[in-house]
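Novice: Provide a 3D model corresponding to the input given below.
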Amino acid sequence: MSIRTFRRKTMASRGFSLLEMLVAMLFIGILSAGMLRVYSSNLAGFQRVNDSISTQRQGRWALTTLQDDVASIGYFAFVGFNNPAWGSFSVTSGTQEPFMILPSPAALNITGPDPSNPAGALVTTQISPDELQYVSDLSLPIQATLTSLNTTTLTLSMLSGTLTDVQAGDIVAILDGNFEQFIIASAAGTTVVADLTATVTAQNAGGIYQVILPGTKTHVAGVPLAFYRPSVVTRYSIQPLATDPANAAIKVPCLVRQQTPYPVGGGLITWVVAPGQAVPAIPFQIIAENIDGLRIDLSFDSGTNWRRTAAANWDGIVTNISTALAPLGAAGTPARNATNPLWFRTYPFLVRMDVTSRSPAPRTESTTNGTAGYVRRTQTLMVTPRNLGYS
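Specialist: Residues are numbered from 1 along each chain as shown. The predicted structure is shown next:
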């Protein structure tokens, strides 16, 4: 009798077949592609929203600064404007007029990534934005009260600011019932020295509102003082600037503000921004980056008609302004004439500013057609300067 070994019969272990693996991988691939597509779409949408928010923020910041300055056009702290102390304003074509809109004065070269090939060589494009130039008095950021006045010397009690912001030729006004204004010769610490000779000259020319010899009135200690810088030309323009520290070859369009004294004689100011030019640059302040469009227009009937129409330059705009203002005065009265260089203070008008901002760089995510490009947004602001409408 033989001994038998009893074994439990079991099913042979088996894995997935090649066909099953291929089918599974196919479904996994389809699912992954769909998930990747959804992710890419969400990422592109997120990038577009970010670019849109960025461009809107840049444009809004630019318009906010413009609004503050444009609202102050026509502000003068004293009566009389054409006086020897600050030169005479001019309204002759080709001179530095007290108010000017320059439509597309020069084409600007903007260098940056190629939208069709962002990773390739830089390309140069041209833009032709407007410029705005105007004259006004600047209120200096100084708060002080009068301690004493000894003919030419004012002793102050400083509340805020510092007299280091004051320079010769600025104005100090004593704001009490015996109102006086002085042209400043020098200022330091808590002392202001007045230039009585220049003050009297300006007074006789109608440049300072007072009728008796300055420095002879009585003032009570503690009255407030105000400081002004007279006849400052402000210019808003767009300039290509190298603001990218990683690549100086990239020129970003920036909205900049420059300020300089009105030139005696009224000759055109040479505005230079880019460093390395033959003419030294007038100091400038960058208001906002990636602003590649600025368009300015005027209306004398609350926006019904705009005076930029069909005007290729400032003289053309002036012709349109004259047409608009003729019914408001004597027949044929021009908007710009030698007897009224500050015509813009006489007639209230609406200023329209269209500012176009763009995203920092071109990206395919910023568009919906699959090609790289900038996201651009144009925002409009309308302002009526608060100092206009005075005869």
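
Novice: you'd agree Leu102 is up against Tyr134?
Specialist: No - checked against CB atoms under 8 Å, the pair Leu102 and Tyr134 is beyond contact range at 11.5 Å. (C-beta placed from N, C-alpha, C; glycine too.)

Novice: which of those two has more neighbours?
Specialist: Tyr134 (22 against 17; other CB atoms under 10 Å).

Novice: so what are the domain limits for the protein?
Specialist: The chain resolves into domains spanning 50-136+232-383, 139-229 when parsed by automatic domain parsing.

Novice: rebuild these as TSV, extending it with distance to Gly389 and mean pLDDT.
Specialist: Compiled in TSV, the domains of the chain are given as follows (distance: least, CB to CB, whole Å; pLDDT from 0 to 100):
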stretch	distance to Gly389	mean pLDDT
domain 50-136+232-383	4	83
domain 139-229	19	85
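
Novice: export those as CSV, with columns for distance to Met21.
Specialist: Listed next are the domains of the chain as CSV, based on distance: least, CB to CB, whole Å:
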stretch, distance to Met21
domain 50-136+232-383, 35
domain 139-229, 76
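
Novice: who wins for proximity to Val38 among these?
Specialist: domain 50-136+232-383 (14.7 Å; CB to CB).

Novice: on that earlier part again, Gly34: which of the domains of the chain is closest?
Specialist: Comparing the domains of the chain by CB to CB, domain 50-136+232-383 comes nearest, at 18.7 Å.

Novice: ok so, going back, so which of the domains of the chain is nearest Arg37?
Specialist: domain 50-136+232-383 (13.3 Å).

Novice: and that closest one, how far out from the chain middle?
Specialist: Counting by CA atoms, centre = their mean, to the nearest Å, domain 50-136+232-383 is centred 8 Å from the centre of its parent chain.

Novice: and stretch 187-206, by the same measure?
Specialist: Worked out by CA atoms, centre = their mean, stretch 187-206 lies 32 Å from the chain centre.

Novice: any buried residues in that stretch, and which?
Specialist: 187, 192, 194-196, 198-203, 205 (16 or more other CB atoms under 10 Å).

Novice: now swap in stretch 88-102 and tell me
Specialist: In stretch 88-102, counting by 16+ other CB under 10 Å, buried: 89-91, 95-102.

Novice: just the CA trace of that stretch, in PDB.
Specialist: C-alpha atoms of stretch 88-102 as PDB (Å, rounded to 0.1, in the frame of the first residue of the first chain):
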ATOM      1  CA  SER A  88       6.000 137.200 -19.000                       C
ATOM      2  CA  PHE A  89       3.700 134.400 -20.200                       C
ATOM      3  CA  SER A  90       3.400 134.000 -24.000                       C
ATOM      4  CA  VAL A  91       0.600 132.900 -26.200                       C
ATOM      5  CA  THR A  92       2.600 133.000 -29.500                       C
ATOM      6  CA  SER A  93       2.800 129.800 -31.400                       C
ATOM      7  CA  GLY A  94       6.100 128.100 -30.900                       C
ATOM      8  CA  THR A  95       6.600 129.500 -27.300                       C
ATOM      9  CA  GLN A  96       6.000 128.100 -23.900                       C
ATOM     10  CA  GLU A  97       2.300 128.800 -23.500                       C
ATOM     11  CA  PRO A  98       0.700 128.700 -20.000                       C
ATOM     12  CA  PHE A  99      -1.500 125.800 -21.100                       C
ATOM     13  CA  MET A 100      -0.900 123.400 -24.000                       C
ATOM     14  CA  ILE A 101      -2.100 120.000 -25.200                       C
ATOM     15  CA  LEU A 102       0.400 118.600 -27.600                       C
END
